[in-house]
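Student: What follows is a protein structure lacking sequence information:
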């Protein structure tokens, strides 16, 4: 795949460029980030989550909000006209950056890509009978590489319309399995959702090939481009994208959600969110929508941040001019020149970061006990590195790298500010680690990272591996896991002590228990308890009777937990406390009361001990 990616993202001009411009220029705009803590330099390694904002972008936003602020569009006074011109011009600048048509293909929605994605996904299923006909005849294909933001809105739509979800696995090089994707995408596929670049492994997916597969079957493709935008020269037309998303706050810019949509697609769509600015005209019996992008940008937008995003593109134009040796103190103005120099800038970023990746991979692979998840070929990835050391939890590793653990200073020379956990990519973490709750520690670099930074990062990782590599996994150190346990207990208490059964709540509990459930019980529970049958799940049929048995066993497991060894009396005490807290009568009984009562009074072993059903043991024994 490397040759294909190199053709798309490699340098197109053989002229020798000054790549040192990339980190030098970036760092000159980030003086506030390069500081010290407890006498040790901070090295920022969380670019994948968010990036610091360039100083020129900050100045642009501040100047607009303090001296030029006015609302856009429909204002005839000069200040409003000026704000409107700059806001509209920002759309054009971003279109030029990503190779889109500046007239109606770039949207600014909300503060991030998640907001923009939800708007487009729900708009898509709202407008098109072929996508939202409620027939249940259809499927949605999802890559396991996807961030949850590119999955959850489509899961909602699949549930609403009765569509099947089909998951595509990954290859040994951590990309989407194209052969499997081709088998799963068929004439009934409504949408294919893929990720341009993984936020976990840094793998670059072959988006152009996936788009071709889907289009041959008449399906649309939604591409999460959030991690591609800061690292690659992206041209959405060359990739043949239908929908593509990015987040400006991950590109050294402000909080703005960016969405590209193919013009003929956006023009046919009715927005999920409507209001001020979205209609062209309103009558008493209906309305006419405004052109794109206005119809998708309801209400007053964050004008200052949008204009600041335009300033970010100016930075890239200047970077491209400096890399090529063409900067004479003035920015290129024509659209053709701006596109050319922004492409040169992003090719320079790509070349600089491939050198960082090569250095990181070589260093990480030399560290004993370290596991690196991702391709070893810098041409197949961006500089995002997920690692684990020994058996420790990813949160433990991240805290050690940051130089502080259990209130003690760890004698590392630098404070490495990385991330840990499942990175909103739960299915992928489960696939690559086999123990998704553990997660990974993630070190993600950017255009401001230098080779000297990489040496310091490797120095810290080496020190931690050598001195703490034998540390045992301690899940209690994970704030995320503690929150998960608390959430589970609250939901379980509500489910098993409430007078009425809530099947949706049971489904949520099963989802939280996913780490310890066997395949036998890892099912999508639908709210049909009381009649009918569940559909096939992973090749097995689940009847209402089987689901009732699971619920009964779960209730018994919960009752054993809350009774704390004191039997039915302890369960009733917990019930009385729940009823008091929820303003219920002290005589109110939960839906599972008789099942629990029979268990405590009759279901005893010969030695007097309680016989836990297998599933009840799982419910009671892990989170509790």
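Tutor: Thanks, I have it. The structure displayed is predicted, hence computed values, not measured ones. Residues are numbered from 1 along each chain as shown.

Student: I figured residue 429 hits residue 200, correct?
Tutor: Yes: at 6.9 Å, residue 429 and residue 200 qualify as touching, with contact defined as Cβ atoms under 8 Å. Bear in mind the C-beta positions are built from the backbone N, C-alpha and C, glycine included.

Student: any residues in contact with both of the two?
Tutor: 423, 440 (Cβ atoms under 8 Å, 6 or more residues apart in numbering).

Student: Show me which of these two is the more surrounded one.
Tutor: In this view residue 429 and residue 200 are compared by other Cβ atoms under 10 Å, and residue 200 has more residues nearby, 28 against 24.

Student: quick one: that one is in a helix?
Tutor: No: counting by DSSP: H, G, I helix; E, B strand; the rest coil, residue 200 falls outside a helix, being coil.

Student: Find me the pLDDT at it, would you?
Tutor: pLDDT for residue 200: 97.

Student: what's the answer for residue 555, then?
Tutor: The model reports residue 555 with a pLDDT of 82.

Student: so it sits in a helix?
Tutor: Yes: counting by three-state DSSP, residue 555 is located in a helix.

Student: distance of it from residue 563?
Tutor: 12 Å (Cβ to Cβ, to the nearest Å).

Student: higher neighbour count, the two?
Tutor: Ranked by neighbour count (other Cβ under 10 Å), residue 555 and residue 563 place residue 555 first, with 25 against 19.

Student: show me the contacts for the more buried one.
Tutor: Per Cβ under 8 Å, 6+ apart, neighbours of residue 555: 496, 592, 595-596.

Student: what's the answer for residue 166, then?
Tutor: With Cβ under 8 Å, 6+ apart, residue 166 has these contacts: 139-142, 184, 189.

Student: State the helix or strand in which it lies.
Tutor: Using DSSP states H and E, the element containing residue 166 is strand 164-168.

Student: Kindly report the same for residue 43.
Tutor: strand 40-44.

Student: swap in residue 463?
Tutor: Counting by DSSP H and E, residue 463 is part of helix 451-468.

Student: Quick check: mean pLDDT of that helix?
Tutor: On average, helix 451-468 scores 97.

Student: now stretch 476-489
Tutor: On average, stretch 476-489 scores 69.

Student: next one: stretch 359-368
Tutor: 97.

Student: got the buried residues for it?
Tutor: Within stretch 359-368, the residues that count as buried by 16 or more other Cβ atoms under 10 Å are 359-361, 363-364, 367.

Student: Please list the outside residues in contact with it.
Tutor: Outside stretch 359-368, the residues touching it (Cβ under 8 Å, 6+ apart) are 370, 372, 376, 378, 383, 385, 387, 389, 443, 445, 451, 454-455, 457-458, 461-462, 465-466, 469.

Student: how far does that stretch sit from the chain's center?
Tutor: 27 Å (Cα atoms, centre = their mean, to the nearest Å).

Student: Give me the contacts around the one helix or strand residue 63 maps to.
Tutor: Using DSSP H and E, residue 63 falls within helix 55-63. Residues from elsewhere that reach helix 55-63 (Cβ under 8 Å, 6+ apart): 29-32, 252-254, 304-305, 307-312, 314-315.

Student: Where helices are concerned, which of those residues count?
Tutor: 304-305, 307-312, 314-315 (DSSP state H).

Student: Output the residues you listed in a markdown table, with neighbour count appended to each entry.
Tutor: A markdown table is the format used below for these (neighbours: other Cβ atoms under 10 Å):
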| residue | neighbour count |
| --- | --- |
| 304 | 22 |
| 305 | 24 |
| 307 | 25 |
| 308 | 28 |
| 309 | 27 |
| 310 | 21 |
| 311 | 22 |
| 312 | 23 |
| 314 | 17 |
| 315 | 21 |
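
Student: Check which residues of the lengthiest helix in the chain are buried.
Tutor: Using DSSP H, we find that the single longest helix of the chain is helix 335-365. Applying a neighbour-count criterion of 16+ other Cβ under 10 Å, one finds 337-354, 356-361, 363-364 buried in helix 335-365.

Student: Mind picking out the helix or strand in the protein with the poorest mean pLDDT?
Tutor: For the chain, scoring each helix and strand by mean pLDDT, DSSP states H and E identifies strand 533-537 as the least confident one, at a mean of 37.

Student: For the stretch 401-550 of the chain, which residues score under the pLDDT cut-off?
Tutor: Applying pLDDT under 70 to the stretch 401-550 of the chain flags the ranges 435-437, 477-485, 507-547.

Student: where exactly do the helices run in it?
Tutor: 426-433, 451-468, 479-497, 503-512, 544-563 (DSSP state H, counting those that start in this stretch).

Student: Can you tell me the closest non-neighbouring residue to residue 87?
Tutor: residue 72 (4.7 Å; Cβ to Cβ, 6 or more residues apart in numbering).

Student: what do you get for residue 326?
Tutor: residue 341 (7.6 Å).

Student: about what we covered before: filter the contacts of stretch 359-368 down to just the buried residues.
Tutor: The neighbour-count test (16+ other Cβ under 10 Å) applied to the contacts of stretch 359-368 identifies 370, 372, 378, 383, 385, 387, 389, 443, 445, 454, 457-458, 461-462, 465, 469 as buried.

Student: one step back: how far away is the residue nearest to residue 326 from residue 347?
Tutor: Distance, residue 341 to residue 347, using Cβ to Cβ: 10 Å.

Student: Residue 95 too?
Tutor: 19 Å.

Student: And for residue 270?
Tutor: Distance of residue 270 to residue 347, given as Cβ to Cβ: 39 Å.

Student: and if you look at residue 304?
Tutor: From residue 304 to residue 347 the distance is 30 Å (Cβ to Cβ).

Student: On the three-state scheme, residue 149 is what?
Tutor: Assignment for residue 149 (three-state DSSP): helix.
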